[in-house]
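> Have a look at this prediction, sequence included:
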Amino acid sequence: SVPESGYVCPVCGAPDLSKERQFNLMFRTSLGPVDMIESVVEALHGKSLDRKQMREVIEDAMQPSAVYLRPETAQAMFVQFLNVQQSMSMKIPFGIAQQGKSFRNEIITERFIFRTCEFEQMEVEYFVEPGTQQKWHDYWRNERMRWWQSLSNHKESFRLRQHTQDELAHYADACFDIEFLFPWGWDELEGIASRTDYDLKKHSEYAKVKLTYFDQQKPDPESGKPGWRYTPFVIEPSAGLTRGVLAFLLDAYAEEDGQDAAGENKTRVLLKLNPRIAPIKAAVFPLVKKDGLPDLARNIVSRFLRAGINAAYDEQHSIGKRYARHDEAGTPYCLTVDHQTTLDQTVTIRDRDTTAQERISIEDALGVVQERIQKS
């Protein structure tokens, strides 16, 4: 039987759903020297209203100072289309990219950092000539898939899924999702949408500004006269960077069975992060905390940092424990400064994934690490 106060879920059949109610997926707050609660109190004071009337009065009282946290980064780029195009003398096709925080009042936050109310998003709005949107949609779909797979260990854990017609957003004529095989199944990392000219036309309509592009080199398709003014179509790759971090951590996590120096069975835990996205590119260890070895190690770290390569100095615990610590942190290369370094100016470089070691000169160390990162 169905409880009088609820409805049956059409998916799982659960009879304990709540009654339907309005729910705002955007976070609302107030801007300016206004007490929103006081505004509501004044608006309701002395009035006898039914529920519907009360809601209308409250909405009217709150609206003048109401602002919303952005649910995506896209709209600011549409608003700035003309400014960027004119100030930078850009020709179609061109794109605007942005990375930043977005906020959504999710009904349910779940699966660690996969679905949260605050998350990092990265988007591109790529403006193209009408009629070429399919070509550019194909290009960005393939380029974005290549990017994700280029940083992964398991390329088969990424796939493209095309939206069906009933899935498409109201502004899109085509869309593909890049999905990752999470522990709970396939789920979205990024959407590549062909947004048509919907956004620029809507902003033009409400802002009373013509967000169009004039191509002097092409004739107008309708009149045949030289010069064509049109509203660009937009291809939008939109990725959840927070989700991407989770995907790459899952892709990189590995456990390898082996033996320690004493011959005991031991499981080695490591993060096989691509060196390009590893937080620390290289760790430098002095074998002991004396005999000038720490100073030599710190000098190497300083050289790496000046070159823009994030390196860490570590002198705590044994060399074996330091290796293990940085394996788990995903550091791809560890350099050890030992007593031989003081004799021939060489260090040992160790590869995280293979544990292979070799001697290289201090002078070559930076170049070796840079080259390996570039080739990764």
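Structure's in. What do you need?
> hey, let's count contacts and neighbours off CA atoms from now on
Noted.
> okay, now the domains of the chain?
28-68, 74-249, 278-375 (automatic domain parsing).
> need the least confident one among these, by mean pLDDT.
Sorting the domains of the chain by mean pLDDT places domain 28-68 lowest, at a mean of 90.
> which is the next helix or strand following the helix ranked longest in the chain?
Ranked by number of residues, the top helix in the chain under DSSP state H is helix 133-150. For helix 133-150, the following helix or strand on the C-terminal side (DSSP states H and E) is strand 158-162.
> who does that following strand pair up with?
Applying DSSP bridges, strand 158-162 is found paired with strand 174-182 (antiparallel).
> Centre of the chain to the helix or strand in which residue 206 is found, how far?
According to DSSP H and E, residue 206 maps onto helix 198-207. On the basis of C-alpha atoms, centre = their mean, to the nearest Å, helix 198-207 sits 27 Å off its chain's mean C-alpha point.
> the inter-axis angle of the longest helix of the chain versus strand 174-182?
10 degrees (axes from the mean of the first three to the mean of the last three C-alpha atoms, to 10 degrees).
> Please point out which parts of helix 133-150 sit buried.
133, 136, 137, 140, 141, 144, 145, 148 (16 or more other C-alpha atoms under 10 Å).
> Pipe the residues you listed into JSON lines and attach distance to residue 248 per row.
Formatted as JSON lines, the buried residues of helix 133-150 follow (distance: C-alpha to C-alpha, whole Å):
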{"residue": "133", "distance to residue 248": "30"}
{"residue": "136", "distance to residue 248": "27"}
{"residue": "137", "distance to residue 248": "25"}
{"residue": "140", "distance to residue 248": "21"}
{"residue": "141", "distance to residue 248": "19"}
{"residue": "144", "distance to residue 248": "15"}
{"residue": "145", "distance to residue 248": "14"}
{"residue": "148", "distance to residue 248": "9"}
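> Off-centre distance for the longest helix of the chain?
Worked out by C-alpha atoms, centre = their mean, helix 133-150 lies 16 Å from the chain centre.
> same check, this time on stretch 94-104
9 Å.
> now stretch 293-300
36 Å.
> let's have the chain start at 561 instead
Right, with 561 as the first residue, what we last looked at is stretch 853-860.
> What are the buried residues along it?
For stretch 853-860, by 16+ other C-alpha under 10 Å, it's 853, 854, 856, 857, 858, 860.
> Please apply the same query to stretch 833-842.
833, 834, 835, 836, 838, 840, 841, 842.
> circling back: pipe the domains of the chain into a markdown table and attach distance to residue 581 per row.
Shown next, in a markdown table, are those (distance: least, C-alpha to C-alpha, whole Å):
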| stretch | distance to residue 581 |
| --- | --- |
| domain 588-628 | 13 |
| domain 634-809 | 12 |
| domain 838-935 | 44 |
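> Of those domains, which is nearest residue 818?
domain 838-935 (12.0 Å; C-alpha to C-alpha).
> Tell me the spatial nearest neighbour of residue 574, not counting adjacent residues.
Spatial nearest neighbour of residue 574, chain neighbours left out: residue 568 (5.6 Å); criterion: C-alpha to C-alpha, 6 or more residues apart in numbering.
> So the one you found sits against residue 577, correct?
Yes. Contact criterion C-alpha atoms under 8 Å: residue 568 and residue 577 qualify, at 6.4 Å.
> moving C-terminal of the helix or strand hosting residue 646, what's the next helix or strand?
Assessed by DSSP H and E, residue 646 sits inside helix 641-647. Downstream of helix 641-647, the first helix or strand assigned by DSSP H and E is strand 654-663.
> what's in contact with the next helix or strand after that following strand?
As assigned by DSSP H and E, the chain's next helix or strand after strand 654-663 is strand 678-688. By C-alpha atoms under 8 Å, 6 or more residues apart in numbering, the list of residues contacting strand 678-688 from outside reads 632-634, 637-638, 652-664, 696, 792-802.
> Next: stretch 856-871.
839-846, 872-873, 896-897, 922, 926, 930.
> hmm, which of these are the buried ones?
For the contacts of stretch 856-871, buried by 16+ other C-alpha under 10 Å: 840-846, 872-873, 896-897, 922, 926, 930.
> Next, give me the two most distant ones among the buried residues of helix 693-710.
Farthest pair in the buried residues of helix 693-710, by C-alpha to C-alpha: 693 and 708, 22.4 Å.
> circling back: quick check: buried residues in the helix holding residue 646?
So for helix 641-647, counting by 16+ other C-alpha under 10 Å, buried means 641, 642, 645.
> Buried residues, the helix holding residue 766. List them.
So helix 758-767, judged by 16+ other C-alpha under 10 Å, has buried residues 758, 759, 760, 761, 763, 764.
> For residue 820, which of the domains of the chain is the nearest?
That would be domain 838-935 among the domains of the chain, by C-alpha to C-alpha, at 9.3 Å.
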